[in-house]
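Asks: no sequence on this one, just coordinates:
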């Protein structure tokens, strides 16, 4: 007997699986739908909101290997209902609690629940998709949804947050999860789909060590620059904890008969190559988040219109994932996908460096955003499937788990770079600009005179004009420094794209053709 009841047709079952997975994905980047509003709602700092994303990701990545045991123990219907009810409870806690520690714990637990949802949903989707083509489409659909999550959240929540309090997003999330439970009760059979494995010898210690490592890295990426890194005792303590956790985790994996993550995957050189590509892609993937600051602070766009312009990125992702799936179905050389993908990312960063200005028509930024989404969509699925396909079959779960960790590390490094260029680079450029701000600088004098004239023509009194002029000039100076910081950051991304393309060219000269051997696994 299958997962769904007999009266549920196959086409409806696929729609139901898609609908059940969607709320879990929405929760991933939901706090970033409007970072400032979310911080105001909880009475915390924007950095704390960013850390909740790292916690969700850490829970997702660290729990993946352990979750496979739970996933094989419960009946599918039981499992569906349990983690959907837990998600509903988590949404209620996020809605009702203002305690920062509770918010952090709940977000980590939500990441664990997301791992449960992903494993079960992908298993169900591939369970009744027997052909290679259907499974490729199923995986591409999942990863495409995952890539679209951030922009999609902004799009569907911008109007809600603009018209209601921030808590509306959690109210609607509770409704979605409650509806999911009802759908599961009505449409899914109670029959056991998988053979039950007892819940003994769970490697909880490895899970805890890996969770400590990932949470610590996420903490450093978010707060390190703010606290001036190792000048702060708390940052030093976190770094020391991470070091010992890594040491004990690695030793434990070598001594266990059934390691949590089998480190022998690194004996395969091509796996390291795939992991490196995935890491670089994720760094460049989150570089477009910097554009939110540009649209908000420089072009003065409201969150609604910012979400609309990111639709171009969504279209690019969908196009890229579709082209990658078609390419994989034809079993063509995957190197061309990688080269086209990183070329698209290079085009995005080149265009944005040239187009950054104090003013501009938002329509002009559609093509670069499309190029960014196209590049990410072309690279994501083939790289993960390639990484899993090149290791021995028994190592594939460990390969998939480490790919997930690599994606977390890419997100973490991207967050660190954003903080570095926002805080440290800001101070550098501010000091440089101050060197030119003097009465001997004609450009500075002309700028101040222009602001004075503008204020005078708009009815400001002579007494108020000097202090207001300085405030206006400071705002304009901050905008210039932000533009300069973004240009510096994107220049680094340009050099990164060029370096990866050079490595890909060398790899192509050596290997000529590289193919993905599809396997019926859960490559999250």
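Replies: Thanks, I have the structure now. It should be emphasised that the depicted structure is a prediction, and the values quoted were computed from it without experimental measurement. Residues are numbered from 1 along each chain as shown.
Asks: In which helix or strand does residue 459 reside?
Replies: Using DSSP states H and E, residue 459 sits in no helix or strand.
Asks: sorry, that was for residue 44
Replies: Counting by DSSP H and E, residue 44 is found in no helix or strand.
Asks: How much space separates residue 12 from residue 180?
Replies: 15 Å (C-beta to C-beta, to the nearest Å). (Each C-beta comes from the backbone N, C-alpha and C, glycine too.)
Asks: What residues sit buried inside stretch 497-514?
Replies: 497, 500, 501, 503, 504, 507, 508, 514 (16 or more other C-beta atoms under 10 Å).
Asks: And the pLDDT for the last one?
Replies: According to the prediction, residue 514 has pLDDT 72.
Asks: same check, this time on the second one
Replies: Per-residue confidence for residue 500 comes out at a pLDDT of 92.
Asks: OK, contacts around residue 242?
Replies: 212, 213, 216, 217, 220 (C-beta atoms under 8 Å, 6 or more residues apart in numbering).
Asks: which one of those residues is nearest residue 421?
Replies: Of all these, residue 421 sits closest to residue 220, with 16.4 Å by C-beta to C-beta.
Asks: And the closest one, how far from residue 452?
Replies: From residue 220 to residue 452 the distance is 46 Å (C-beta to C-beta).
Asks: isn't residue 355 right up against residue 364?
Replies: Yes: here residue 355 reaches residue 364: they are 6.5 Å apart, a contact under C-beta atoms under 8 Å.
Asks: of the two, who's got more company?
Replies: The residue with more neighbours, out of residue 355 and residue 364, is residue 355; 13 against 10, by other C-beta atoms under 10 Å.
Asks: could you say what helices and strands the helix ranked longest in the chain packs with?
Replies: Counting residues, the longest helix in the chain under DSSP state H turns out to be helix 465-511. Packing contacts for helix 465-511, counted by 3 or more C-beta pairs under 8 Å, 6 or more residues apart in numbering; DSSP states H and E, involve helix 269-285, helix 290-293, helix 334-355, helix 396-419, helix 425-434, helix 442-457.
Asks: Next, the angle from the fifth one to helix 465-511.
Replies: Which is helix 425-434. For helix 425-434 against helix 465-511, the angle by axes from the mean of the first three to the mean of the last three C-alpha atoms, to 10 degrees is 130 degrees.
Asks: please begin residue numbering at 5 from this point
Replies: Done: numbering now begins at 5, and the last item shifts to helix 429-438.
Asks: Tell me the helices and strands packed up against helix 429-438.
Replies: Against helix 429-438 (3+ C-beta pairs under 8 Å, 6+ apart) you get helix 469-515.
Asks: roughly how far is the helix it packs on from the heart of the chain?
Replies: The chain centre lies 20 Å from the centre of helix 469-515; the measure is C-alpha atoms, centre = their mean, to the nearest Å.
Asks: To residue 384, which of the helices and strands packed on helix 469-515 lies closest?
Replies: That would be, of the helices and strands packed on helix 469-515 and by C-beta to C-beta, helix 273-289, which comes in at 7.0 Å.
Asks: ok, residues contacting the closest one?
Replies: Helix 273-289 is contacted from outside by 151, 269-270, 342, 345-346, 349, 353, 379-380, 383-384, 387-388, 390-391, 394-395, 403, 406-407, 410-411, 413-415, 417-418, 421, 497, 500-501, 504, 511, using C-beta under 8 Å, 6+ apart.
Asks: Are any of the residues you listed buried, and if so which?
Replies: Using 16+ other C-beta under 10 Å, the buried members of the contacts of helix 273-289 are 151, 269, 342, 345-346, 349, 353, 379-380, 383-384, 387-388, 390-391, 394-395, 403, 406-407, 410-411, 413-415, 417-418, 421, 497, 500-501, 504, 511.
Asks: what's the residue nearest to residue 340 when sequence neighbours are not counted in contact with, if anything?
Replies: Spatial nearest neighbour of residue 340, excluding adjacent residues (C-beta to C-beta, 6 or more residues apart in numbering): residue 331 at 7.7 Å. By C-beta under 8 Å, 6+ apart, the contact list for residue 331 reads 338, 340, 341, 386.
Asks: Look up which helix or strand residue 331 falls in, please.
Replies: helix 315-333.
Asks: Buried residues in that helix, which are they?
Replies: Applying 16+ other C-beta under 10 Å to helix 315-333 flags 315-329, 331-333 as buried.
Asks: With stretch 262-278 instead?
Replies: 263, 264, 265, 266, 269, 272, 275, 277, 278.
Asks: Now do the same contact list for residue 100.
Replies: Applying C-beta under 8 Å, 6+ apart, no residues contact residue 100.
Asks: Same question for residue 92.
Replies: Applying C-beta under 8 Å, 6+ apart, the residues near residue 92 are 178, 181, 182, 185.
Asks: Could you grab the helix/strand/coil label for the second one?
Replies: So the one you mean is residue 181. Judged by DSSP: H, G, I helix; E, B strand; the rest coil, the three-state class of residue 181 is helix.
Asks: Check the first one too.
Replies: On the three-state scheme (three-state DSSP), residue 178 is labelled helix.
Asks: quick one, what contacts the nearest residue to it once chain neighbours are set aside?
Replies: Closest residue in space to residue 178, ignoring its immediate chain neighbours: residue 95 at 4.7 Å, by C-beta to C-beta, 6+ apart. By C-beta under 8 Å, 6+ apart, the contact set of residue 95 is 31, 174, 177, 178, 181.
Asks: ok, and the most crowded of these?
Replies: Top of these by neighbour count (other C-beta under 10 Å): residue 31, with 27 neighbours.
Asks: Does residue 395 touch residue 266 like I think?
Replies: No: Residue 395 is beyond contact range of residue 266, at 9.0 Å (criterion: C-beta under 8 Å).
Asks: list residues touching both of these two?
Replies: With C-beta under 8 Å, 6+ apart as the test, residue 395 and residue 266 both reach residue 402.
Asks: What's the separation between residue 220 and residue 405?
Replies: For residue 220 relative to residue 405 (C-beta to C-beta), the value is 18 Å.
Asks: Comparing those two, which residue is more hemmed in?
Replies: With neighbours defined as other C-beta under 10 Å, residue 220 and residue 405 compare such that residue 405 has more, 23 against 20.
Asks: Which helix or strand in this protein has the lowest average pLDDT?
Replies: Sorting the helices and strands of the chain by mean pLDDT, DSSP states H and E puts helix 136-167 at the bottom, at a mean of 72.
Asks: hang on, the earlier thing: okay, the contacts of residue 246 in CSV with distance to residue 36 next?
Replies: Formatted as CSV, the contacts of residue 246 follow (distance: C-beta to C-beta, whole Å):
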residue, distance to residue 36
216, 24
217, 23
220, 21
221, 19
224, 19
